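[1] I need the structure of the sequence given here:
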Amino acid sequence: MSRFLPLTIRFISGGSMLVTTVAEAKTALAGTWRNKEAPDYLEAVRLVDDAIAGTCRPAIAFAAFKKVAMQQGLLKPASPSAALTMLDELSSRSKAPPS
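    Residues are numbered from 1 along each chain as shown. Just a heads-up that it's a prediction; the model follows:
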């Protein structure tokens, strides 16, 4: 089981990748990005490498990866889970006026 919630990355080249681990984040960072010279991109690469080497907490590296993916417009928005959708439906029913 993955430690992180899955992120779907859409590369500039048109491909996509599901990322759930720091190792997958490293692979995704090697893909086609808008700006591989951006400071936040370079920081994410460094933190992911450090996490793989054991000198950085994986959660910090994954957060940096997610941040740069959002900044560069590569993060595909996640749809709500089935459980959350059911909860929203139940909540909206309880707010409806009685008939």
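[2] so what pLDDT did Pro97 get?
    Looking at Pro97, its pLDDT reads 61.
[3] got a list of contacts for the helix or strand Ala44 falls within?
    Here Ala44 sits within helix 39-53, counting by DSSP states H and E. Contacts made with helix 39-53 from outside it, assessed by CB atoms under 8 Å, 6 or more residues apart in numbering, are listed as 22-23, 25-26, 29, 33, 35-36, 56-58, 60-62, 64-65, 67-68, 71-72. (Glycine included, C-beta is placed from N, CA and C.)
[4] List buried residues within these.
    22, 25-26, 29, 33, 56, 58, 61-62, 64-65, 68, 72 (16 or more other CB atoms under 10 Å).
[5] Distance to Asp40, pLDDT and secondary structure for these - can I get that in CSV?
    Shown next, in CSV, are the buried ones among the contacts of helix 39-53 (distance: CB to CB, whole Å; pLDDT from 0 to 100; DSSP: H, G, I helix; E, B strand; the rest coil):
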residue, distance to Asp40, pLDDT, secondary structure
Val22, 17, 97, helix
Ala25, 14, 98, helix
Lys26, 16, 98, helix
Leu29, 12, 98, helix
Trp33, 11, 97, coil
Cys56, 15, 97, coil
Pro58, 18, 97, helix
Ala61, 13, 98, helix
Phe62, 14, 97, helix
Ala64, 7, 98, helix
Phe65, 10, 98, helix
Val68, 5, 98, helix
Gln72, 9, 97, coil
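[6] residues of the helix holding Ala44 that come out buried?
    40-41, 44-45, 47-48, 50-52.
[7] rewinding a little: let me know the closest of the buried ones among the contacts of helix 39-53 to Gly14.
    Trp33 (13.1 Å; CB to CB).
[8] list the contacts for the closest one?
    11-12, 41, 72, 74.
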